[in-house]
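Colleague: Pasting the sequence and the predicted model now:
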Amino acid sequence: MRCPFCHFADTRVVDTRSANEGTAIRRRRECPRCGRRFTTFERVEELPLVVIKKDGRRELFDRAKILGGCLRACHKRPVRREDLENLVDEVERELRNRLEPEIPSYVIGELVMEKLKRLDEVAYVRFASVYREFRDSYDFKEEIERLAREKEGEQNVRSDKEA
């Protein structure tokens, strides 16, 4: 590894540690010529994910867009940013595990909504209102009633198992 300061071609590794929950290796290096230290990270090279938008356009997957949408949906809600980061990690991991180079945007939206629903129902409805383009209060009412029916069904299943 070339030194970023003096450009000497042969630096030595001083320390190696796991980083980012084991998805990267952090190396502290030292240049024998100038004596300065610097850090490098080694990661697995991932193939780019391409998102197919509703209008047919294609763009590179951007986890920051998902996080931004979730942050807006969770505005003034008791949801930690760490939980949202984990949600985005889960979504990205599931998409990459599909081994498909192109993913329709609706697949991403449905995955995000599924995970938000478990995290915070109000945030879920907010996200759904934008994602599904609610037009009026009737659309909100329908979604909330659907959510209530699902919740009631889950409670019935739980009580059946307990009996």
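Modeller: Structure's in. What do you need? Numbers count the residues shown, from 1 in each chain.
Colleague: the strands in this protein, which residues?
Modeller: Taking DSSP state E as the criterion, the chain carries its strands at 12-19, 24-30, 37-43, 50-52, 58-60, 102-104.
Colleague: Contacts for the fifth one next, please.
Modeller: Residues from elsewhere that reach strand 58-60 (Cβ atoms under 8 Å, 6 or more residues apart in numbering): 48, 49, 50, 51, 52, 53, 102. Glycine gets a C-beta too; all of them are placed from N, C-alpha and C.
Colleague: The third one: neighbouring residues, count only.
Modeller: Close neighbours of residue 50, defined as other Cβ atoms under 10 Å, add up to 13.
Colleague: residue contacts, it?
Modeller: Contact analysis of residue 50 by Cβ under 8 Å, 6+ apart lists 58, 59, 60, 61, 101, 102, 103.
Colleague: and it, how far is that from residue 65?
Modeller: According to Cβ to Cβ, to the nearest Å, residue 50 and residue 65 sit 14 Å apart.
Colleague: from the contacts of strand 58-60, which would you call buried?
Modeller: 49, 51, 52 (16 or more other Cβ atoms under 10 Å).
Colleague: Next, the contact list for the last one, please.
Modeller: When contacts are counted by Cβ under 8 Å, 6+ apart, residue 52 touches 58, 102, 103, 104, 105.
Colleague: What does the residue located most distally from the centre of the chain show for phi and psi?
Modeller: Each residue of the chain has a distance to the centre, and by Cα atoms, centre = their mean the biggest one is for residue 33: 41.7 Å. Backbone torsions for residue 33, taken as degrees, to the nearest 10, come to phi -80, psi -60.
Colleague: residues of the longest helix seen in the chain that come out buried?
Modeller: Looking across the chain with DSSP state H, the single longest helix is helix 137-162. The neighbour-count check on helix 137-162 (16+ other Cβ under 10 Å) flags residue 143 as buried.
Colleague: which residues of the chain score low on pLDDT?
Modeller: Scanning the chain for pLDDT under 70 picks out 157-160, 162-163.
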